[in-house]
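**Student:** The amino acid sequence is not available; the structure is as follows:
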């Protein structure tokens, strides 16, 4: 059996119905503010959350080997004056297709997320969704590569 480094994988959730998310938060705030929340409001809230889960994507991403990740970073970094400026949207758009292991909806239904579907998704992300994705992508592609001494100290 060949020896190889096993990369990290992580699931990332992407809410695709931001209007429904906003409506859920509004209703949740109203329910929380009530002295005795009505059962009808709770049931409506539960139904809205189920609907949100049906439209929330869960992407399983896997870290890339060093060279492909470094190439993505270089391709999307420009030097302006004395500082490096990164195109995070471009980094996400290039990295996710290469890192994607599988895609499903949060309620469990698998989805074929390739080609135009994936490109459309990447182009429609909000700034905060891009920020969340790039944070996960960077974590997966720059993992801790040695066990911290503190862990060994814990086990004696």
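**Tutor:** That came through fine. Because the structure is predicted, anything quoted here is derived from the model rather than measured.
**Student:** quick one: the helices in this protein?
**Tutor:** Counting by DSSP state H, residue ranges of the helices within the chain are 18-33, 39-55, 66-75, 88-99, 115-124, 127-141, 149-155.
**Student:** Pick the most buried one from those helices.
**Tutor:** helix 88-99 (a mean of 19; mean count of other Cβ atoms under 10 Å). C-beta here means a position set from N, CA and C on the backbone, and glycine is covered the same way.
**Student:** Does anything pack onto it? Which helices or strands?
**Tutor:** strand 56-62, helix 66-75, helix 115-124, helix 127-141 (3 or more Cβ pairs under 8 Å, 6 or more residues apart in numbering; DSSP states H and E).
**Student:** can you give me the angle the last one makes with helix 88-99?
**Tutor:** It stands for helix 127-141. Helix 127-141 and helix 88-99 are oriented at 50 degrees to each other (axes from the mean of the first three to the mean of the last three Cα atoms, to 10 degrees).
**Student:** next one: helix 127-141 to chain centre, how far?
**Tutor:** The chain centre lies 6 Å from the centre of helix 127-141; the measure is Cα atoms, centre = their mean, to the nearest Å.
**Student:** cool, and the first one?
**Tutor:** In terms of Cα atoms, centre = their mean, the centre of strand 56-62 is found 6 Å from the chain centre.
**Student:** buried sites along it?
**Tutor:** Buried residues in strand 56-62, counted by 16 or more other Cβ atoms under 10 Å: 56-59, 61-62.
**Student:** residues contacting the nearest residue to residue 23 once chain neighbours are set aside?
**Tutor:** Nearest non-adjacent residue to residue 23, counting by Cβ to Cβ, 6 or more residues apart in numbering: residue 48, 6.5 Å away. With contact taken as Cβ atoms under 8 Å, 6 or more residues apart in numbering, residue 48 is in contact with 20, 23-24, 27.
**Student:** Tell me the pLDDT of residue 48.
**Tutor:** The model reports residue 48 with a pLDDT of 97.
**Student:** before we move on, what about residue 115?
**Tutor:** At residue 115, pLDDT is 82.
**Student:** rewinding a little: select, out of the helices and strands packed on helix 88-99, the one closest to residue 147.
**Tutor:** Ranking these by proximity to residue 147 (Cβ to Cβ) places helix 127-141 first, at 17.1 Å.
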